[in-house]
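Asker: Sharing a model prediction with you, sequence too.
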2 protein chains.
Amino acid sequence: MRRHRNGEVLDSENDNPPSGDGSDVILGLDGGTTSTVCVCMAMPPSSRGGVPDPLPVLARAVSGCSNHNSVGESAARETLEQVMAEALLKSGSNRSSVRAVCLAVSGVNHPTDQQRILAWLKEMFPSHVKLFVQNDAVAALASGTLGKLHGCVLIAGTGTIAYGFTEDGREARAAGAGPVLGDWGSGYGIAAQALTAVVRAYDGRGPQTMLTQSILQSLHLFSADELIGWTYADPSWARIAALVSVVVSCAEAGDQVANKILQDSVQELAVSVKAVVQRLNLSGEDGKGCFPLVMVGGVLEANKRWDIGKEVVNFVLKDYPGAHPIRPKVEPAVGAALLAWNFYLRESEK
Amino acid sequence: MRRHRNGEVLDSENDNPPSGDGSDVILGLDGGTTSTVCVCMAMPPSSRGGVPDPLPVLARAVSGCSNHNSVGESAARETLEQVMAEALLKSGSNRSSVRAVCLAVSGVNHPTDQQRILAWLKEMFPSHVKLFVQNDAVAALASGTLGKLHGCVLIAGTGTIAYGFTEDGREARAAGAGPVLGDWGSGYGIAAQALTAVVRAYDGRGPQTMLTQSILQSLHLFSADELIGWTYADPSWARIAALVSVVVSCAEAGDQVANKILQDSVQELAVSVKAVVQRLNLSGEDGKGCFPLVMVGGVLEANKRWDIGKEVVNFVLKDYPGAHPIRPKVEPAVGAALLAWNFYLRESEK
């Protein structure tokens, strides 16, 4: 018998792989900077016929942040356990039905991160359950490719990262290092530059801009010098990144400062994608090979006249005409579940 | 009788201004982002003969951060009360000998900040004591001009700010808004850009640089991807700004990336000074008028071959040949005490 650290008793029979039946499930988790989503999917009977349509998603649960860098290790573990328990409960399954888990979580930047998180998961599940830990960008890629690890994903929400895989399993990433380390193409980066432009206009270091009135209005402030207190009061990235829509509106209204900030952001995001494509040689010898380019995140999904995502794709296509842009129709947690399925099949074949 | 909120009883006689005698003292406080310094100075008998030489500094005390934005209001008050009590004790004086207090503290960015902090001070002292609250940059200016509020000060340590006064009392500032709002010339700004350059070189977005080996070595890390965890572990500005000396060394050794970061920083710092000088018209109608340019802070004090402070001065002199650079010989807290003295004399003359 194996006792879970929270006191839950797992039956000793769970240490032996149960015979496969209709109740087998897989869990896919997407742990971002603000929330953690867990999807419980019925295990498709085999890989023949490809990805089942519709996808057999049984349940979905949402919880808070599970990035161990942000909330600490014990809070991150707690969140993960809770969201998995809830998804299993909602699906009418339990821990003993789980065959594979893919946890894709932000804050996995180094093999030691991966090992540590894998060690937590091993404490939560019997030994026959297949466990996989990835950076959350990998789940986002899989949400666009429906589980295939090939191509490049660009995420630009509050933060940004580009992540890619070759068909033979090599991987590379660019950016995704946070604002201190210069992720200037992200929503946070765009908004922080807009705030900076307002301060510079106010104190005489930069040109006047429409951003001043628009941002002060949206924050219910009267003067640019109040922005200092506003940022100190709560410097959380998401709160600042929420100003991106104001920047887009100003750029659409013809403001040159806002327009320049968005153009720089497009450059930065395109450079991240190109760095990954180049290092992995995704476009092949002639530079024209096809590969999926999955585009994810609020900054890229804007459906306005000034469309950051479209501009980034255009920049990438100039150098890599074989890039095939995909806007995923399923969420990253489903991508993680499909990854778990693929990993499971591959390991079972061995 | 007036009871202090901490329970200390102030004699009722203190509510009446005592006759001036040799024991009268003034307090100057410099509250920066990392520490608070309080200087207790004997009140010079009159302003005739100018600033006394040597300065009659009786005692000095040091405490932690008193920026209410950083540590919160009650901790900031506590720190201020404690450091003043210690300086008075060391000088053999007490609260009843105090004639004037100038508190120059970072985080005073708006008249409401000034009013709030003034209200705290009023609770601590009898009503006849003259109380003045300023941004800490003002004390730094006064440390270079020995109490005269005229000219421009540039501070570049962990953070950066330019602050200026005309002889008739108009004032202006530039920068000083923190990293979110783009103080790129600061020690933090220089170091964050260097860290960014290392990450960009690592993931293929930027050129290789000597900064990689030098920074990893100084932080005892093995790989650039460990920098993400390092910055998350403690993103305090001073810890990051401490890397400036590494950037200077790399620039001196011929690294182009490091050199560019320092050149950009010089530009940024010079632009802050110029914005203040221009708005206050410190150089007069012909642009050649003389004004003090006080230079303060670790980034400007480097005495290496690559001298950031010297480069900034050269940039400013190109546009404003009347700028007279001063490296203060006394600390900002002494500047604050001299300001308190000047304010006291001016108010007494009224």
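Answerer: Arrived safely.
Asker: What is the subsequent helix or strand relative to the lengthiest helix in chain A?
Answerer: For chain A, the longest helix by residue count, based on DSSP state H, is helix A:256-280. Next along the chain after helix A:256-280, taking DSSP states H and E as the criterion, comes strand A:291-296.
Asker: got a list of contacts for that following strand?
Answerer: Identification of contacts with strand A:291-296 by C-beta atoms under 8 Å, 6 or more residues apart in numbering or on different chains yields A:140-141, A:143-145, A:148, A:150-157, A:273, A:277, A:282-283, A:301, A:309, A:312-313, A:316, A:320, A:322-328, A:332. Where C-beta positions appear, they are placed from N, C-alpha and C, glycine not excepted.
Asker: Helices - which of the residues you listed land there?
Answerer: Using DSSP H, those in helices are A:140-141, A:143-145, A:273, A:277, A:301, A:309, A:312-313, A:316, A:332.
Asker: Any idea which of those residues the model trusts least?
Answerer: Within those, pLDDT reaches its minimum at A:E301, with 84.
Asker: okay but that residue is in contact with A:R327, surely?
Answerer: Yes: between A:E301 and A:R327 there is a contact under C-beta atoms under 8 Å: 7.4 Å.
Asker: Mind listing the shared neighbours of the two?
Answerer: Contacts common to A:E301 and A:R327, judged by C-beta under 8 Å, 6+ apart, are A:M295, A:G309.
Asker: Between those two, which is the more surrounded one?
Answerer: A:E301 (14 against 11; other C-beta atoms under 10 Å in any protein chain shown).
Asker: gap between the residue lying farthest from the centre of chain A and chain B?
Answerer: For chain A, the largest distance from the centre (C-alpha atoms, centre = their mean) belongs to A:G204, which lies 38.7 Å off. If you measure A:G204 against chain B using C-beta to the nearest C-beta, to the nearest Å, the figure is 4 Å.
Asker: before we move on, back to that, output the contacting helices and strands for the longest helix of chain A.
Answerer: Counting contacts by 3 or more C-beta pairs under 8 Å, 6 or more residues apart in numbering or on different chains; DSSP states H and E, helix A:256-280 packs against strand A:151-156, strand A:160-165, strand A:171-175, helix A:187-203, helix A:244-252, helix A:298-301, helix A:308-319.
Asker: Deepest in the core, which of these is it.
Answerer: strand A:151-156 (a mean of 30; mean count of other C-beta atoms under 10 Å in any protein chain shown).
Asker: on that earlier part again, check contacts around the residue farthest from the centre of chain A.
Answerer: Contacts of A:G204 (C-beta under 8 Å, 6+ apart): B:A172, B:A174, B:A275, B:V276, B:Q278, B:R279.
Asker: How about the residues of the stretch 101-250 of chain A by chain B?
Answerer: A:107, A:109-110, A:113, A:172-178, A:180-182, A:192-193, A:195-196, A:199-200, A:203-205, A:223, A:225-229, A:231-233, A:235, A:240 (C-beta under 8 Å from any C-beta of the partner chain).
Asker: For A:L219, which non-adjacent residue is spatially closest?
Answerer: Nearest non-adjacent residue to A:L219, counting by C-beta to C-beta, 6 or more residues apart in numbering or on different chains: A:W230, 6.1 Å away.
Asker: Does the one you found belong to a helix, a strand or coil?
Answerer: State at A:W230, reduced to three classes by DSSP: H, G, I helix; E, B strand; the rest coil: helix.
Asker: ok, how many other residues are close to it?
Answerer: A:W230 has 19 nearby residues by other C-beta under 10 Å.
Asker: Also A:V129?
Answerer: 20.
Asker: quick one: it from A:L121, how far?
Answerer: In this view, A:V129 and A:L121 are 8 Å apart by C-beta to C-beta, to the nearest Å.
Asker: which residues do those two both contact?
Answerer: With C-beta under 8 Å, 6+ apart, A:V129 and A:L121 have common neighbours A:V101.
Asker: A:M43: neighbour count?
Answerer: Count around A:M43 with other C-beta under 10 Å applied: 22.
Asker: Now it: closest residue in space that isn't a chain neighbour?
Answerer: A:D24 (3.9 Å).
Asker: That neighbour contacts A:P44, doesn't it?
Answerer: No: using C-beta under 8 Å, A:D24 is not in contact with A:P44; the gap is 9.5 Å.
Asker: Next one: A:I26 relative to A:V98, how far apart?
Answerer: Taking C-beta to C-beta, one finds A:I26 at 7 Å from A:V98.
Asker: of the two, who's got more company?
Answerer: Between A:I26 and A:V98, counted using other C-beta under 10 Å, A:I26 has the larger neighbour count: 28 against 25.
Asker: what bridges to the more buried one?
Answerer: With DSSP bridges as the criterion, A:I26 is bridged to A:M41, A:A100.
Asker: who are the neighbours in contact with it?
Answerer: A:C40, A:M41, A:M43, A:V98, A:R99, A:A100, A:V101, A:C102, A:A337, A:A340, A:W341, A:Y344.
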